[in-house]
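Colleague: sequence-free structure coming up:
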């Protein structure tokens, strides 16, 4: 290998080993700017972020030293500087206070600087990359004092304005940030600043939207611009008292406004910035003046019928001239889906205006009514009222979405007939009725298109069946929507006995065990054959068999003697035909002692040893064309 290549490799290894020796688990101890290579020389670096101020206090002493710490991106930031006002700081980033890089960990670098507090101070930071001109200012939270800076307040020096009272309004929260006043009220707002000179100017800014309260034009004269979608105005407060003899030298300022808006946010600004939470002097404080506005719409506890329009009532309390009211609704395609269609919006107009008392406060009530629909059955409708108030869209007070279901308008019912066929002279009918909407108002019973009775409040009704034939039973059900439904059922009266012919068996004769008996049976009705329901053969020795659909049966008796063989045919209407034969058995079947189980239509009979009565053999099934 050439000597020059070997030298290059050795130099590379030496540089690599030096870099590794200064790092442990990503942490660099005592780094310098040359330890890192900036990968952001030609791009704007990420903004730095304040990590801490120590010690952490609300008020600091003159001469007290504080340590300020920031973090910044390790690979895209080459340095951080502090700028500001007070305690020797300047607002010029080219001459800011350089912070010291004291450690790096993973993708973050940590910077700190010590500052001696000599007066009220506000500061912020810049991160730079490559050159000091390639820099990015710190990003502060919205509303942070209005000038995007961190504040250091000092004992015995002036503080931001502090709210003292709101005369003509009622406090609604323990934090004293929310006040109620009726529309049209004159409200006097009073502030105080401590360690004042009595020559300070205090401005009170008002806005209907909190996001525009900290306006750059805060020191302009009063202005109202609802055409641009908001109300914003500023009042210069008047000095009403100054007490320089007191230790904290308080100065009190006030201003009076006529409250005509629904909601008005306000905050004061003094010589050293916007008002802050007096407990922490860290968080900005925004106060709210409200006229008790509320907006609600009807919440229904029932569904609606298909084709019916829904009358929704919307109530607004203490609305203003800037409010425009709407109702929006959307349709769900069935009663269980969670997917809805697009919103349809209806603008509301022509309210009924009335004066009401709510919570012992005089209020103005606006009542709107609007119809939506009609809609198809088995849909679900979701709706909500809202108002467009200047720049804002405000939903109902509790932000509720209301929902109603749309049901079929017609009632429903069912006639409970257990059997389609009967042979009874009288038959008791039972039924169920119901309606998805409204109430059942009338139920009438008809038989063969002839009115029988009004059975609105009845649970059942017995009808007469004088002759055989078809009976059409109808219920005409009507609900409070004057919608009707007719439900029906057919009852067939059959009083004709089925036929039964037995071959291979005669009365008062001998029966030889195992001899086949041929059965012939049918429903004998002429026009409304109900069909054979069951055929039973009782062999007279305790064995009964179900011979339904069979044409041949035979039986083996185990003892001689006299027996009654009874054959019964039953049709579906309940008619039956029974023939009994008296027979003698003198040649029983001899079988070994054993256990035998015989199935009957009613139970299982188990016979042990010599108590066995018989063995029944069932042969070929009978083919027939009658109805079961």
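Modeller: Structure received. Just so you know, these numbers come straight off a predicted model, no measurement behind them. Numbers count the residues shown, from 1 in each chain.
Colleague: So what's the gap between stretch 328-344 and the chain middle?
Modeller: Mean C-alpha position of stretch 328-344 versus that of the full chain (Cα atoms, centre = their mean, to the nearest Å) differs by 14 Å.
Colleague: got the contact list for residue 383?
Modeller: With Cβ atoms under 8 Å, 6 or more residues apart in numbering as the criterion, the residues that contact residue 383 are 297, 312, 327, 328, 329, 330, 372, 401, 402, 403, 404. Glycine gets a C-beta too; all of them are placed from N, C-alpha and C.
Colleague: Now a ChimeraX select for only the buried ones of those.
Modeller: Below is the selection syntax for ChimeraX that covers the buried ones among the contacts of residue 383, with 16 or more other Cβ atoms under 10 Å defining burial:
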select :297,312,327,328,329,372,402,404
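Colleague: What are the structural domain limits within the protein?
Modeller: Taking automatic domain parsing as the reference, the chain has its domains at 27-152, 162-290, 310-405, 412-493, 499-618.
Colleague: Reformat the contacts of residue 383 as JSON lines; add secondary structure, distance to residue 542 and pLDDT.
Modeller: As requested, the contacts of residue 383 are exported to JSON lines (DSSP: H, G, I helix; E, B strand; the rest coil; distance: Cβ to Cβ, whole Å; pLDDT from 0 to 100):
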{"residue": "297", "secondary structure": "strand", "distance to residue 542": "78", "pLDDT": "96"}
{"residue": "312", "secondary structure": "strand", "distance to residue 542": "77", "pLDDT": "97"}
{"residue": "327", "secondary structure": "strand", "distance to residue 542": "81", "pLDDT": "97"}
{"residue": "328", "secondary structure": "strand", "distance to residue 542": "80", "pLDDT": "97"}
{"residue": "329", "secondary structure": "strand", "distance to residue 542": "75", "pLDDT": "97"}
{"residue": "330", "secondary structure": "strand", "distance to residue 542": "74", "pLDDT": "96"}
{"residue": "372", "secondary structure": "strand", "distance to residue 542": "76", "pLDDT": "96"}
{"residue": "401", "secondary structure": "coil", "distance to residue 542": "74", "pLDDT": "93"}
{"residue": "402", "secondary structure": "strand", "distance to residue 542": "72", "pLDDT": "95"}
{"residue": "403", "secondary structure": "strand", "distance to residue 542": "68", "pLDDT": "95"}
{"residue": "404", "secondary structure": "strand", "distance to residue 542": "68", "pLDDT": "96"}
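Colleague: Make CSV from the contacts of residue 383 and add distance to residue 535 to it.
Modeller: Formatted as CSV, the entries for these read as follows, by distance: Cβ to Cβ, whole Å:
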residue, distance to residue 535
297, 70
312, 68
327, 71
328, 71
329, 66
330, 64
372, 66
401, 66
402, 64
403, 60
404, 59
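Colleague: where are the low-confidence patches of the stretch 51-200 of the chain?
Modeller: Along the stretch 51-200 of the chain, segments meeting pLDDT under 70 span 141-147, 174-176.
Colleague: any chance you could map the strands in it?
Modeller: 65-73, 79-85, 97-98, 100-105, 108-116, 121-129, 131-137, 150-152, 162-167, 170-171, 178-180, 185-193 (DSSP state E, counting those that start in this stretch).
Colleague: Could you tell me which strands sit next to the third one in the sheet, and their orientation?
Modeller: By that I understand strand 97-98. Strand 97-98 sits in its sheet next to strand 79-85 (antiparallel), going by DSSP bridges.
Colleague: So what touches the strand it pairs with?
Modeller: Applying Cβ under 8 Å, 6+ apart, the set of residues contacting strand 79-85 from outside is 33, 48, 68, 70, 72, 89-93, 96-99, 101, 111, 113, 115, 121-128, 132, 135, 149.
Colleague: Next: stretch 98-117.
Modeller: Under the criterion Cβ under 8 Å, 6+ apart, residues 26-29, 31-33, 36, 48, 51, 60-75, 77, 79-82, 87-89, 97, 121, 123, 125, 152, 154 lie in contact with stretch 98-117.
Colleague: Likewise for stretch 443-454?
Modeller: The contact list for stretch 443-454, computed with Cβ under 8 Å, 6+ apart, reads 413, 429, 431, 433, 442, 455-456, 461, 463, 471-478.
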